[in-house]
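1. generate a structure from the sequence data that follows.
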Amino acid sequence: MIRPLILLSCMLCLTVVQAATQAVTDQQQADIFSYPNGARYAVSLTFDDARASQLDVGVPILDKYGVKATFYVMPGPMQERLNGWRKVVATGHELGNHTRSHLCTGNFAWLRAQDKGLEQVDLAWLEQDILKTNQFLKAQLSVEPKSFAYPCGNTFVGRGAQVKSYVPLIAKHFSSGRTWLDETANDPIYTDFAQLTGIRMDGMRFEELKTMIETLREDNKWIILAGHEVGENGLYSVDSKVLSQLIHYLQAPENGYWVDTVDKVGTYIKMHRN
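-> All right, here's what the predicted structure looks like:
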């Protein structure tokens, strides 16, 4: 009598273990996010500030490979090159809002010299600054921006006990907001679209970028790379050869990347995540 009971207990334990294992497997399958054409990861290339080198060096490289990028722009730097930016829009790149005044923390000396800083403004002022950029883009380029990038990655206004986040303001007016100098990529199932992480690509060698991307891409992550100048000297520039190498790597089918604008990837994720 004892042996049958032991056998029955073993069978019950095995059934429980199998059920638990299947549950884990099912959850793992549910956590796998599928991108278009079987891609395992998503990457968006983004550039801030509407700098001239983006038009002169960056866009020709992107267009050569058929890659679409997101440019977070400001009215001031665009004024002298409006026709160039119209061509950028016509070829399928995305223009996002980067504010009119590019206010960051006043701890930056270049802002203190102008007696400016996010510490000195409120949400109402900043909202008008942002909306003026939307109005400019609509009037001059017939673009209604859906994406936003926080200048310097700062997301606050005010000081001390009066500090307020302007993330809710961005969530109100845009489909997404991108920060900067982050340390991880965006989990498509979890990410907050008003605070998409942005990873620096300025000043990096290709091998450094490749290693970083392959470290960050786990769990079907969406990696948003952020740069400024293209092909210029300095800390805030993406080397033109590195940009070409990066695109070549990202486009290789065996590497499993989907490369598209922030709005295109974001819209897809919103439509397909649980």
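
2. how near is the closest residue in space to residue 175 that isn't next to it in sequence to residue 93?
-> The shortest distance from residue 175 to any residue other than its chain neighbours is 4.3 Å, reached at residue 146 (CB to CB, 6 or more residues apart in numbering). (Each C-beta comes from the backbone N, C-alpha and C, glycine too.) Using CB to CB, to the nearest Å, one obtains 13 Å as the distance from residue 146 to residue 93.

3. ok, those two, which is more surrounded?
-> Counted by other CB atoms under 10 Å, residue 146 and residue 93 do not tie: residue 93 has more neighbours, with 22 against 19.

4. helices of this protein, residue ranges please.
-> Taking DSSP state H as the criterion, the chain carries its helices at 2-31, 52-53, 59-65, 75-78, 82-90, 109-112, 123-141, 167-173, 206-216, 240-251, 262-272.

5. go through those helices and name the closest to residue 228.
-> Of all the helices of the chain, helix 52-53 sits nearest to residue 228, with 8.6 Å by CB to CB.

6. packing partners for the closest one?
-> Taking 3 or more CB pairs under 8 Å, 6 or more residues apart in numbering; DSSP states H and E as contact, there are no helices or strands that helix 52-53 lies on.

7. any idea how far it is from the chain center?
-> 21 Å (CA atoms, centre = their mean, to the nearest Å).

8. contacts for it?
-> For helix 52-53, the external contacting residues (CB atoms under 8 Å, 6 or more residues apart in numbering) are 77, 81, 229, 230, 231, 232, 237.

9. now for the last one, how many residues are close by?
-> Other residues lying near residue 237 total 20 when counted by other CB under 10 Å.

10. likewise for the second one?
-> As a burial measure, residue 81 scores 17 neighbours (other CB under 10 Å).

11. quick one: contacts for it?
-> Neighbouring residues of residue 81 by CB under 8 Å, 6+ apart: 50, 52, 55.

12. for the most centrally placed residue in the chain, give the beta-bridge partners.
-> The chain has residue 224 as the residue nearest its centroid, 3.6 Å off, counting by CA atoms, centre = their mean. With DSSP bridges as the criterion, residue 224 is bridged to residue 44.

13. now do the closest residue to residue 34 other than its chain neighbours, the pLDDT please.
-> Once flanking residues are discounted, residue 34 sits nearest to residue 272: 7.3 Å by CB to CB, 6+ apart. At residue 272, the model reports a pLDDT of 95.

14. so residue 272 versus residue 221, what's the distance?
-> Distance of residue 272 to residue 221, computed by CB to CB: 15 Å.

15. the two: which has the busier surroundings?
-> Using other CB under 10 Å, the more surrounded residue of residue 272 and residue 221 is residue 221, with 21 against 13.

16. got any ranges where this structure has weak pLDDT?
-> Across the chain, the ranges flagged by pLDDT under 70 are 1-31.

17. count of neighbours near residue 95?
-> Neighbourhood size, residue 95 [other CB under 10 Å]: 23.

18. now it, nearest residue through space, not along the chain?
-> Once flanking residues are discounted, residue 95 sits nearest to residue 143: 5.0 Å by CB to CB, 6+ apart.
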